[in-house]
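Novice: next input, structure requested:
(one chain, ligands or ions: 3)
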Amino acid sequence: MSRFVDVVLASGQGPTFTYSDPDGALGVGDLVRVPFGAKRLMAMVWEAHDREPAFETKPVVERLLDAPFVPPHLVDLARWIGEYYLCQPGVAAGPIWSCAGKSSFVRLGLGKRKASAKREKPTDSVIAVPPLEFNPDQSAVARTLREAVAANTYSAFLLHGITGSGKTAVFLDAAREALERGKQALILVPEIGLTPQTVRRTADALGTGVAVLHSQISDAERARAWTSLRDGTCRVALGPRSALFAPLPDLGFVVVDEEHDGSYKQNGDSPRYHGRDAAVWLARRCSVPVVLGSATPSLESWHNARSGRYRLVELPRRASGSLPVVETVDLRQGRKATGTSLSPRLRSAIAEVLAKGERVMVLHNRRGWAPQAECLECGAPVECPECPGLRLTWHMGAGRLVCHHCGHSAPPPRNCPSCGSPSLEPQGWAIQRVQEEMERLFPGHPVARLDRDTTSRKGAQEETLDTYLDRGGILLGTQMIAKGHDFPDVTLVGVTDSDIGAGMPDFRASERNFQLLCQVVGRAGRADLPGIAILQTRRPDDPILKDVVAHDFAGFAERELDTRRMLSLPPFSRMVLIEASGEDEAAVERWIADFARRLAPCLKPFSGTAMGPLPAPIPIVARRHRKHVLCKAPPERSADLRRAVAQMLAQTPSPKNLRVFADVDPVDVM
Ligand code: ADP
Ligand code: ZN
Ligand code: ZN
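Specialist: Ligands and ions are numbered 1, 2, ... in the order given. Purely as a prediction, here's the structure:
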């Protein structure tokens, strides 16, 4: 029985607040109303304890629900996130509240139901499909995973299976085992991989309804999904990173599909947690198995598997079909002369495949019509007025120059901002222009385009994919097309520019490029028809391309890990990135230089280092000057590093006009 409770407010942010609990009836996760100034606010119990504070405490006004609002393990997860990712409890608890959404409170009998409440859609019908006949590799892995689920204790698996090896079927089989045992399953997928097809496939394979928690669903749908998980009527939660906060009282199994995907790390707003790492933490907390699946695992996970922290299970063969033959085309020969995005080789291959009535997928990883606007007189590109040094992208249709970093958008100026001459022209190839060229070159064949501009409307992505399924032709897309799509008769994958992303000042650039290329190549030849992939490049000798051609993940990983080891980069070290930004460059510099100077000696005792201050690789975004200090320590000193940074942040108050944050295990260091 505890006499005090620390609570986080539903209105978010901030620290915890302490109240007394005279009856000692409250526990972690309980929803309460507390006096706060003149108001009474909704809050959740973060901790129940007997540590009498030095100040006088007021009693909690009332407890709002008979049962905890969320299972206590979710509060533990949020508490871990707050401590690990260096943010306040109120911030760390944010995803719990947003996962529930507003209408869930109404469903729980709190707050008023709006008069206009819509009739509920019945849940999609589930067509239970008979399980696939597994091949021997799949059977072996499936048996291992089912045993782990049955053992009902923590274990972490890295499921490395090549593209099309049938990973999904295998982890869904293990999820079935959890359901058969009366447990719930949590399945995380990358945000853009969460298509209606994925949902249908999951529900059909599991033979049960699936609660989808997604950023695009309505508040009412969210509330229905959330409450059905909380009361146990639904047994499966499916969603992106944020679905980690689904209330699953009977959690029995966790899956992180495409675990290498960058969208698992929250960038931008705090808490900057990594969904994959948090999922592993949650599995350990709940004593259940977790499976991380990928054809191109992150080097962190690969390293964890190699060092025995995760158990490695592999699917080295395709379930049906075979891996495509991959070839490279050297763009340095003849491209300028022809003024096209497609080499003769890729162009004729596309024509041939379309003539046979088979499908093509092409990756062009740049939004807009042209990557820049350039002055024909002086050669200067037009830069974003808010982000000096960054070029504006020419978008047709909208007829605007757009900054992909700050969102600035304006019609193209009549005259060159540098020399005043009236000769600005779009330069280079972005995806809209590639689409136009393809429509011209391959008349009669639909070219469906998938990128953030064509899919901003709800349902648009599904429509595009359905059209492609119906009518065939070419699916042209940014990295969005590389994720999980399983179209049987794609026999050709083309990549217009395999070098985008290479050479970025980011130590993960090679890894990301390898993953993207492998994943998109893996869309070809997934059924009976053999596939090929053609990679256009200006760096044909790039070792990454050779690994992609050879389908050699292990070779890539060994080489890259050697480099990382030599340079003490993750996973051979841990990082915390501190960023300060503001419009007043001198103020930013002053604060961060002082911070770095005082932090460095605190890291020395455990061989930690603080690099910087340095301007961020993208030094000015939206008029804000960005400066970085990158801290590093040996992996086993990660806790010391985080503690030292947290202490120094607390001791170095920043002026109001500065924004300062720490990013633990940063993924985006640009
Ligand atoms: P991955 O997730 O490894 O890329 P999927 O699970 O999407 O692979 O499987 C790829 C395709 O192979 C899917 O169409 C799936 O239905 C099919 N498949 C999986 N296992 C088998 C099997 N044992 N026999 C036949 N087809 C299978
Ligand atoms: Zn000019
Ligand atoms: Zn900008």
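
Novice: low-confidence ranges in this protein?
Specialist: The model of the chain has pLDDT under 70 over residues 112-126, 334-338, 484.

Novice: so is the most centrally placed residue in the chain in a helix, a strand, or just coil?
Specialist: Centroid-nearest residue in the chain: Ser263, 0.9 Å away (criterion: C-alpha atoms, centre = their mean). Of the three states, Ser263 takes helix according to DSSP: H, G, I helix; E, B strand; the rest coil.

Novice: residues contacting it?
Specialist: Residues near Ser263 by C-beta atoms under 8 Å, 6 or more residues apart in numbering: Pro190, Glu191, Ile192, Pro240, Arg241. Yep, even glycine has a C-beta here, placed from its N, CA and C like the rest.

Novice: do Glu259 as well
Specialist: Contacts for Glu259 (C-beta under 8 Å, 6+ apart) come out as Leu158, Arg276, Leu292, Gly293, Ser294, Pro297, Ser298, Ser301.

Novice: ligand 1: which of those is nearest?
Specialist: Distance to ligand 1, by C-beta to the nearest ligand atom, is smallest for Gly293 among those, at 7.1 Å.

Novice: what bridges to that closest one?
Specialist: When assigned by DSSP bridges, Gly293 has beta-bridge partners Leu159, Asp257.

Novice: contacting residues for it?
Specialist: Gly293 touches Leu158, Leu159, Gly161, Lys167, Thr168, Phe171, Val255, Val256, Asp257, Glu258, Glu259, counting by C-beta under 8 Å, 6+ apart.

Novice: state the distance from the fourth one to ligand 3.
Specialist: It stands for Lys167. 39 Å (C-beta to the ion, to the nearest Å).

Novice: ok, back up a step: between which two of the contacts of Ser263 is the distance greatest?
Specialist: For these, the maximum inter-member distance is 12.0 Å, found between Ile192 and Arg241 (C-beta to C-beta).

Novice: mind listing the strands for the stretch 1-150 of the chain?
Specialist: 4-9, 17-20, 31-36, 39-49, 62-63 (DSSP state E, counting those that start in this stretch).

Novice: on that earlier part again, which one of Ile192 and Arg241 is surrounded by more residues?
Specialist: Using other C-beta atoms under 10 Å as the criterion, Ile192 and Arg241 rank with Arg241 on top: 24 against 20.

Novice: circling back: which of the contacts of Ser263 lies closest to ligand 2?
Specialist: Ile192 (38.3 Å; C-beta to the ion).

Novice: look at that closest one and give its secondary structure.
Specialist: Recorded secondary structure, Ile192: helix (three-state DSSP).

Novice: residues contacting the closest residue to ligand 1 within the stretch 201-350 of the chain?
Specialist: Closest residue of the stretch 201-350 of the chain to ligand 1, C-beta to the nearest ligand atom: Ala319 (3.4 Å). With contact taken as C-beta under 8 Å, 6+ apart, Ala319 is in contact with Leu132, Asn135, Gln138, Gly164, Ser165, Gly166, Ala169.

Novice: before we move on, what about Gly608?
Specialist: Cys602, Cys631, Lys632, Ala633, Pro634, Arg637, Asp640, Leu641, Ala644 are the contacts of Gly608 under C-beta under 8 Å, 6+ apart.

Novice: equivalent analysis for Gln427, please.
Specialist: Applying C-beta under 8 Å, 6+ apart, we find Gln427 in contact with Ala370, Pro371, Gln372, Ala373, Glu374, Pro381.

Novice: top helix in this protein by residue count?
Specialist: Counting residues, the longest helix found in the chain (DSSP state H) is helix 585-603.

Novice: what's in contact with it?
Specialist: 578, 580-582, 608-610, 612-613, 625-629, 631, 633, 641, 644-645, 647-649, 651-652, 654-655, 657-658, 660.

Novice: then stretch 222-238?
Specialist: Residues contacting stretch 222-238 (C-beta under 8 Å, 6+ apart): 70, 99-104, 106-108, 120, 175, 179, 183-187, 189, 194, 198-199, 202-203, 206, 208-213, 217, 243, 246-250.

Novice: mind checking which of those residues land in helices?
Specialist: When DSSP H is applied, the contacts of stretch 222-238 are split such that 99-100, 103-104, 106-107, 175, 179, 198-199, 202-203, 206 fall in helices.

Novice: does whatever residue of the stretch 151-300 of the chain ends up closest to ligand 3 belong to a helix, a strand or coil?
Specialist: For the stretch 151-300 of the chain, the residue closest to ligand 3 is Gly268, as judged by C-beta to the ion, at 15.6 Å. Three-state call for Gly268 (three-state DSSP): coil.

Novice: from His260, how far out is it?
Specialist: Per C-beta to C-beta, to the nearest Å, Gly268 is found 20 Å from His260.

Novice: show me which of these two is the more surrounded one.
Specialist: The neighbour count for Gly268 versus His260, taken as other C-beta under 10 Å, is higher for His260 (25 against 7).

Novice: who touches the nearest residue to that one once chain neighbours are set aside in this structure?
Specialist: What sits nearest to His260 in space, not counting adjacent residues and going by C-beta to C-beta, 6 or more residues apart in numbering, is Ser298, at 4.3 Å. Going by C-beta under 8 Å, 6+ apart, Ser298 touches Glu259, His260, Arg276, Glu511.

Novice: quick one, phi psi at the third one?
Specialist: The phi and psi torsions at Arg276 (degrees, to the nearest 10) take the values phi -70, psi -50.

Novice: quick one: contacts for it?
Specialist: For Arg276, the contacting residues are Leu188, Val256, Glu259, Tyr264, Leu292, Ser298, Ser301, by C-beta under 8 Å, 6+ apart.

Novice: and for Met566?
Specialist: Taking C-beta under 8 Å, 6+ apart, we find Met566 in contact with no residue.

Novice: how far off centre is the longest helix of the chain?
Specialist: Distance of helix 585-603 from the chain centroid (C-alpha atoms, centre = their mean, to the nearest Å) equals 31 Å.

Novice: tell me the buried residues in it?
Specialist: Within helix 585-603, the residues that count as buried by 16 or more other C-beta atoms under 10 Å are Glu585, Ala587, Val588, Glu589, Trp591, Ile592, Phe595, Ala596, Leu599, Ala600, Cys602, Leu603.

Novice: from ligand 2, how far out is Gly522?
Specialist: Distance from Gly522 to ligand 2, counting by C-beta to the ion: 44 Å.

Novice: and Val588, by the same measure?
Specialist: Distance of Val588 to ligand 2, given as C-beta to the ion: 31 Å.

Novice: what of Ala616?
Specialist: On the measure of C-beta to the ion, Ala616 and ligand 2 end up 28 Å apart.

Novice: about what we covered before: could you export the contacts of Gly293 as TSV, including distance to Val326?
Specialist: Shown next, in TSV, are these (distance: C-beta to C-beta, whole Å):
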residue	distance to Val326
Leu158	24
Leu159	23
Gly161	18
Lys167	21
Thr168	23
Phe171	27
Val255	29
Val256	27
Asp257	24
Glu258	20
Glu259	23
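
Novice: reformat those as CSV; add distance to ligand 1.
Specialist: Formatted as CSV, those follow (distance: C-beta to the nearest ligand atom, whole Å):
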residue, distance to ligand 1
Leu158, 14
Leu159, 9
Gly161, 5
Lys167, 3
Thr168, 3
Phe171, 9
Val255, 11
Val256, 13
Asp257, 8
Glu258, 9
Glu259, 12
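
Novice: of all these, which two lie farthest apart?
Specialist: For these, the maximum inter-member distance is 15.5 Å, found between Leu158 and Thr168 (C-beta to C-beta).
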